[in-house]
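**Student:** using only what follows, build the 3D model:
(one chain, ligands or ions: 1)
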Amino acid sequence: MMKAFIKTYGCQMNERDSDALAADLVKAGYSITDVEAEADILLFNTCSVRDAAERKAKGKIGFMRKLKKQNPDLIIGVMGCMAQRMGNTLLEELPHLDFVLGTGQLHKLLEVIEQVKRERVKTALTEPSPEVLTGLDGHYGNSIKGQIAITRGCNRFCSYCIVPYVRGRELSREKGDIIAEAREMVSRGAREILLLGQNVAAYGLNGDIRPPAPDHSPFAELLEELETIPELLRIRFTSPYPSYFNSRLIETIAKSDKICHNIHLPLQSGSDRILKAMNRQYTNESYREKVAELKSAIKDLTLSTDVIVGFPGETDEDFALTRELMNDVGFEQSYIFKYSPRPGAKSAEVPDSIPESVKEERNQILLDDLSKRIVSRLESMVGSTVTVLAEGVSARNDARWTGRTDNNIVVHFEPDDTIKAGTLRQVKITRSGGVSLFGELR
Ligand code: SF4
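**Tutor:** Here you go, the predicted model:
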């Protein structure tokens, strides 16, 4: 049996694609290995969103030249966003590669592998194809937590982002296909599903770039249908664009006991001037209003976000507005990125004007604020009882189990004889570990 190795870079969407491709490979008779030296096929699912991610992937793929020399039959393929962005150039830069498969051609993986085996010709496929929308619905392995991609691509064109260019325009999957995939996952043991899309709240809007009316949300309708799957215990999603997060969606979440009350609401900047330059369609004020609406409707709401520091032209005053907004909202998790221009994105047309040292300083200030907030939040939970979805034996200590709260906080606890992965259990919190909690089963 031939063995395939898949290395994934970047976002959860890439992880999901790799998982679906692994399922396709297994169905076709391959086995999956995590040891690259014993693989017959090496696959790299790459990311282009940040320069660092591309450099890392290229370094690793370049290193595979050695394995190809030892075994000329080895098949090496690069997939995903960097493959889409570079196409044939990647085959020229890295001549030991056999194929390059862009984001719209991932469903052709098995076909391309067979072609390489048969003809030994180099191939680069980067044409967008709607078939990718229906072709990647398999799941490799059984897990109590699974992911489903509900949309592909993006129509927002934020000035710093190349997703619309490398992942194409926004397409929504059929609701029936998503529900069928969820039911299948649940029948194989999944109890929590994470819905993925570049802007999940635009699901079902047929690519319309105008945010929907307050009472219209096909995404909320999808959530409501998923909720009816009896054994499914939790639903999460990422990411919704703030101005698409309308009243209809907020009401659906507020009345649900399955949709987690932990929302990721990408901010990027708290300065209206920078938001405009980023082509983000909201302001500091309208973002605050959205948060206020969410907080008043959804009890126990926690929020996480994405922020970019050092966008071209960002002054100390712009940065102070971002910091103030983050502290006022009280995000419990943030992904803070130092700006780096991406070839092809609009913002790359203006100089990357903020020195690296300033970006680093701003990054550190936000990380310090965040860390203080997390520590104090976790300490405030000591003595309370929380509901966790039991996930399994802790990776660090096999005498303990790990689970997560609705708000996505990791809790470690000692199991009893009845513990079972995929069940909801009550845990009394006894201490904080700084980034996670420790407790006892009730
Ligand atoms: S919403 Fe903006 S940042 Fe997010 S994927 Fe689309 S273009 Fe990129």
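
**Student:** list phi and psi for residue 224.
**Tutor:** phi -60, psi -40 (degrees, to the nearest 10).

**Student:** who are the packing partners of the particular helix or strand that has residue 387 in it?
**Tutor:** Here residue 387 sits within strand 385-393, counting by DSSP states H and E. Counting by 3 or more Cβ pairs under 8 Å, 6 or more residues apart in numbering; DSSP states H and E, the packing neighbours recorded for strand 385-393 are strand 401-405, strand 410-414, strand 424-432. Placement of C-beta: from N, CA and C, glycine included.

**Student:** in its sheet, what does it sit against?
**Tutor:** With DSSP bridges as the test, strand 385-393 is paired with strand 401-405 (antiparallel), strand 424-432 (antiparallel).

**Student:** need those strands in a markdown table (columns: distance to residue 110, mean pLDDT and mean neighbour count).
**Tutor:** Below are those laid out as a markdown table (distance: least, Cβ to Cβ, whole Å; pLDDT from 0 to 100; neighbours: other Cβ atoms under 10 Å):
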| stretch | distance to residue 110 | mean pLDDT | mean neighbour count |
| --- | --- | --- | --- |
| strand 401-405 | 35 | 97 | 22 |
| strand 424-432 | 39 | 98 | 17 |
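
**Student:** contacting residues for the residue of the stretch 201-350 of the chain found nearest the ligand?
**Tutor:** The nearest approach of the stretch 201-350 of the chain to the ligand comes at residue 241, 5.3 Å away (Cβ to the nearest ligand atom). Under the criterion of Cβ atoms under 8 Å, 6 or more residues apart in numbering, the neighbours of residue 241 are 156, 199, 201, 202, 211, 266, 281.

**Student:** what about it, distance to residue 296?
**Tutor:** 21 Å (Cβ to Cβ, to the nearest Å).

**Student:** ok, back up a step: out of the contacts of residue 241, who's nearest residue 306?
**Tutor:** Nearest to residue 306, judged by Cβ to Cβ, of the contacts of residue 241 is residue 266 at 4.3 Å.

**Student:** how about the residues of the stretch 101-250 of the chain by the ligand?
**Tutor:** Taking Cβ under 6 Å from any ligand atom as the criterion, the stretch 101-250 of the chain approaches the ligand at residues 154, 156, 157, 158, 161, 163, 164, 198, 199, 241.

**Student:** in a helix, residue 322, correct?
**Tutor:** Yes: assessed by DSSP: H, G, I helix; E, B strand; the rest coil, residue 322 belongs to a helix.

**Student:** my read is that it contacts residue 272, right?
**Tutor:** No: applying Cβ atoms under 8 Å, one finds residue 322 not in contact with residue 272, separated by 11.1 Å.

**Student:** contacts only, for residue 340.
**Tutor:** Applying Cβ under 8 Å, 6+ apart, the residues near residue 340 are 50, 51, 52, 352.

**Student:** average pLDDT for the strand holding residue 387?
**Tutor:** Strand 385-393 shows a mean pLDDT of 97.

**Student:** check stretch 156-176 too.
**Tutor:** 94.

**Student:** with stretch 248-268 instead?
**Tutor:** 97.

**Student:** how far off centre is it?
**Tutor:** Distance of stretch 248-268 from its chain centroid, counting by Cα atoms, centre = their mean, to the nearest Å, is 17 Å.

**Student:** tell me which residues of that stretch come out buried.
**Tutor:** 248-253, 256, 258-268 (16 or more other Cβ atoms under 10 Å).

**Student:** which parts of the stretch 51-200 of the chain are helices?
**Tutor:** 51-63, 65-70, 80-86, 88-93, 109-119, 132-135, 163-166, 175-187 (DSSP state H, counting those that start in this stretch).

**Student:** tell me what the third one is packed against?
**Tutor:** Contacts of helix 80-86 with other secondary structure elements, assessed using 3+ Cβ pairs under 8 Å, 6+ apart, are made with helix 12-27, strand 41-46, helix 51-63, helix 88-93, strand 99-101, helix 163-166.

**Student:** show me what contacts residue 5?
**Tutor:** 32, 33, 34, 35, 36, 39, 41, 42, 43.

**Student:** more neighbours, residue 322 and residue 272?
**Tutor:** Neighbour totals were compared for residue 322 and residue 272, and residue 322 leads with 26 against 17 (other Cβ atoms under 10 Å).

**Student:** which helix or strand contains the nearest residue in space to the more buried one that is not next to it in sequence?
**Tutor:** Nearest non-adjacent residue to residue 322, counting by Cβ to Cβ, 6 or more residues apart in numbering: residue 270, 3.7 Å away. Following DSSP H and E, there is no helix or strand that holds residue 270.

**Student:** if we go by neighbour counts, what in the helix ranked longest in the chain is buried?
**Tutor:** For the chain, the longest helix by residue count, based on DSSP state H, is helix 356-380. By neighbour count with 16+ other Cβ under 10 Å, helix 356-380 contains the buried residues 358, 359, 362, 363, 365, 366, 369, 370, 373, 374, 378.

**Student:** what's the answer for stretch 73-90, then?
**Tutor:** Quick answer for stretch 73-90 (16+ other Cβ under 10 Å): 74-87, 90.

**Student:** with stretch 377-392 instead?
**Tutor:** For stretch 377-392, by 16+ other Cβ under 10 Å, it's 378, 381, 386, 388, 389, 390, 391.

**Student:** farthest-separated two in those?
**Tutor:** Farthest pair in those (Cβ to Cβ) is 378 and 390. Separation: 19.5 Å.

**Student:** quickly list the domain ranges of the protein.
**Tutor:** What automatic domain parsing lists as the domains of the chain is 3-125, 142-260, 262-379, 385-441.

**Student:** and the first one, how far out from the chain's middle?
**Tutor:** So that's domain 3-125. Domain 3-125 sits 20 Å away from the centroid of its parent chain (Cα atoms, centre = their mean).
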